[in-house]
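> Take a look and give me a structure for this.
(4 chains)
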There are 2 protein chains.
Amino acid sequence: MQPESSDQMLYSFLSGNQISGGGLCGSSSSTSSYYPLAISGIGETMAQDRALAALRNHKEAERRRRERINSHLNKLRNVLSCNSKTDKATLLAKVVQRVKELKQQTLEISESDQTLLPSETDEISVLHYGDYSNDGHIIFKASLCCDDRSDLLPDLMEILKSLHMKTLRAEMVTLGGRTRSVLVVAADKEMHGVESVHFLQNALKSLLERSSKLLMERSSGGERSKRRRALDQIIMV
Amino acid sequence: MQPESSDQMLYSFLSGNQISGGGLCGSSSSTSSYYPLAISGIGETMAQDRALAALRNHKEAERRRRERINSHLNKLRNVLSCNSKTDKATLLAKVVQRVKELKQQTLEISESDQTLLPSETDEISVLHYGDYSNDGHIIFKASLCCDDRSDLLPDLMEILKSLHMKTLRAEMVTLGGRTRSVLVVAADKEMHGVESVHFLQNALKSLLERSSKLLMERSSGGERSKRRRALDQIIMV
DNA sequence: TCGAACACGTGAAAC
DNA sequence: TGTTTCACGTGTTCG
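Numbering: from 1, shown residues only, chains lettered A, B, ... in the order given. Next up is the predicted model:
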């Protein structure tokens, strides 16, 4: 039932007889723990019993510790959908990689969410995003943040058409009477170089100026359009 | 320089002398590996040397393995910004929890992204989202997916105004000539009950039908507006 | 036979 | 004090 008890008795005797250094199986390099060495006597059994019990407690505690660690390792194998026979080291390496990936991912997403929400100040940015050299296109990412108005998106489209740019992707978020649009546009290389970034920037600036003009007209006593009034309903959450 | 070599010689002798069971310090429960037991002779040193070399290789390999594992554990301590004295077990438990959290988080985000992207089929959904009982408002989340047209958002605002609903938050994504709008709107409780969900649904339906009508008019030879043509530039990435 | 990976029991140190 | 955690060297198994 307890195959290790006899071995431990045996080991205990060995340890008492000072065989194999400090009592450790192999290496040791220990200095202390020279046992009292009561070779035979009545007190010996008591001391041996105490030591034996301590040793067994220690052994079982260590076993429980190993079980705890391995249990968590198995959980990690599950969440990473790893084979149950993947190395501990390999598994941990994958875990490190996965955690880093997930952290980076959520960081990027939260950042992109932040940039997508409208801010309180007017903003224009046009970035050179990349080239599709094979089909002769330059990609820009344009971002525009300003007061909301109903004709903003159509005006934006007109601008892009006049510049012979194609809209690959468009997102618009409206919040609290403000709006932010992010557009990914492709410009024809035969028509534009990278410097056409400035064309787009100037066009967006004129768009902002037009918005300001409209707002001033409206605020100077002119009747506000139904659309504008509808947009006024947008309030902060 | 090699403090363990003497111990290993010692152990080797012990093992050769069959002390402590199968050669393991404690437990064993082994069956095989009863060594040839050439107590003394010329062949003994060769066998001992071989065994010694094997044992040393084994020991060093095991040390390298431990170093690999602990190295990865330390990396995990860094990415989790844990104290360097956190338990292996506790650390691994935290890692499991963190990975699960991050997976859930990215899942939720990607799901919300999915619902935000336009689909190929027209869709309307209005959900009762919650109540702000203290200020007498019911919150709805309305989602609309259809072909893109420039007057969609203003029309939407008109509908909400006619229903005396306030837009708390509006998002619109346009992609490939399709658009999806998600609106969070607040309805006055004194004016509407929860059943006003149907008002909103019907209004959105009429919006969709109006879009279809416009499209049919356009496709039946009528001149397409500049805006519509501008929107045609939106292509899939 | 050899190497890689694991569980085990131990000594030592921290608290 | 005893309890807990770690590193170590070992025996064992698998490819």
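
> Okay, strands next: where are they in chain A?
Here chain A has its strands, by DSSP state E, at A:123-132, A:137-147, A:165-175, A:178-188.

> longest helix anywhere in chain A?
Once chain A is assigned using DSSP state H, the helix that runs over the most residues is helix A:42-79.

> I'd like to know which elements that helix is packed against.
If you count contacts as 3 or more C-beta pairs under 8 Å, 6 or more residues apart in numbering or on different chains; DSSP states H and E, helix A:42-79 packs onto helix A:3-16, helix A:88-116, helix B:88-116. The C-beta positions use only the backbone N, C-alpha and C, and glycine is treated the same way.

> Mean pLDDT lowest where, among those helices?
Ranked by mean pLDDT, the helices and strands packed on helix A:42-79 bottom out at helix A:3-16, with a mean of 40.

> give me the low-pLDDT residue ranges for chain A?
A:1-44, A:111-115, A:132-135, A:150, A:154, A:168-170, A:176, A:215-237 (pLDDT under 70).

> what residues go with each domain of it?
A:43-113, A:123-217 (the TED database).

> Quick one: closest of those to B:Gly130.
domain A:123-217 (18.5 Å; C-beta to C-beta).

> nearest spatial neighbour of A:Lys189, skipping sequence neighbours?
In this structure, A:Lys189 finds its nearest non-sequential neighbour in A:Gly136, 4.2 Å apart by C-beta to C-beta, 6 or more residues apart in numbering or on different chains.

> okay but the one you found is in contact with A:His192, surely?
No: in this structure, A:Gly136 is not within contact of A:His192 by C-beta atoms under 8 Å, at 10.4 Å.

> More neighbours: the two, which one.
Comparing A:Gly136 with A:His192 by other C-beta atoms under 10 Å in any protein chain shown, the one with more neighbours is A:His192, at 18 against 13.

> Ramachandran coordinates for that one?
Main-chain torsions, A:His192, degrees, to the nearest 10: phi -130, psi 150.

> What's the separation between the closest residue to it other than its chain neighbours and A:Leu127?
Once flanking residues are discounted, A:His192 sits nearest to A:Ile138: 6.5 Å by C-beta to C-beta, 6+ apart. To A:Leu127, A:Ile138 is 11 Å away according to C-beta to C-beta, to the nearest Å.

> more crowded one of those two?
Per other C-beta under 10 Å, whichever of A:Ile138 and A:Leu127 has more neighbours is A:Ile138, with 22 against 12.

> residue contacts, the more buried one?
For A:Ile138, the contacting residues are A:His128, A:Gly130, A:Asp131, A:Tyr132, A:Ala186, A:Ala187, A:Lys189, A:His192, A:Gly193, A:Val194, A:Ser196, by C-beta atoms under 8 Å, 6 or more residues apart in numbering or on different chains.

> Quick one: buried ones out of those residues?
With neighbours counted by 16 or more other C-beta atoms under 10 Å in any protein chain shown, these contain buried members at A:Ala186, A:Ala187, A:Lys189, A:His192, A:Ser196.

> right, and A:Arg98 touches B:Arg98 too?
No: assessed by C-beta under 8 Å, A:Arg98 is found out of contact with B:Arg98, at 10.1 Å.

> Next, A:Thr86: phi, psi?
Main-chain torsions, A:Thr86, degrees, to the nearest 10: phi -70, psi 140.

> Any figure for the gap between A:Lys166 and DNA strand C?
Computed as C-beta to the nearest atom of the strand, to the nearest Å, the A:Lys166 to DNA strand C distance reads 52 Å.

> For that residue, which residues count as its bridge partners?
Beta-bridge pairing of A:Lys166 under DSSP bridges involves A:Ala186.

> how many neighbours does it have?
So A:Lys166, with other C-beta under 10 Å, has 18 neighbours.

> Wondering if stretch A:79-95 reaches DNA strand C at all.
Yes: Stretch A:79-95 is in contact with DNA strand C by C-beta under 7 Å from any atom of the strand, via A:Asp87, A:Lys88, A:Ala89, A:Thr90.

> Quick one, which of the residues you listed are buried?
Neighbour-count burial (16+ other C-beta under 10 Å) applied to the residues of stretch A:79-95 next to DNA strand C gives A:Lys88, A:Ala89.

> Of the residues of stretch A:79-95 next to DNA strand C, which pair is most distant in space?
A:Lys88 and A:Thr90 (7.5 Å).

> Tell me the buried residues in the longest helix of chain A?
For helix A:42-79, by 16+ other C-beta under 10 Å, it's A:Leu52, A:Leu55, A:Arg68, A:Ile69, A:His72, A:Leu73, A:Lys75, A:Leu76, A:Arg77.

> hang on, the earlier thing: can you redo the strands of chain A as JSON lines with distance to DNA strand D?
Shown next, in JSON lines, are the strands of chain A (distance: least, C-beta to the nearest atom of the strand, whole Å):
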{"stretch": "strand A:123-132", "distance to DNA strand D": "46"}
{"stretch": "strand A:137-147", "distance to DNA strand D": "47"}
{"stretch": "strand A:165-175", "distance to DNA strand D": "47"}
{"stretch": "strand A:178-188", "distance to DNA strand D": "47"}
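
> Now render those strands as a markdown table, adding distance to B:Lys161.
Listed next are those as a markdown table, based on distance: least, C-beta to C-beta, whole Å:
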| stretch | distance to B:Lys161 |
| --- | --- |
| strand A:123-132 | 29 |
| strand A:137-147 | 18 |
| strand A:165-175 | 15 |
| strand A:178-188 | 18 |
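
> And those: which comes nearest B:Asp122?
Comparing the strands of chain A by C-beta to C-beta, strand A:165-175 comes nearest, at 19.2 Å.

> quick check: angle from that closest one to helix B:88-116?
Put simply, strand A:165-175 runs at 110 degrees to helix B:88-116, going by axes from the mean of the first three to the mean of the last three C-alpha atoms, to 10 degrees.
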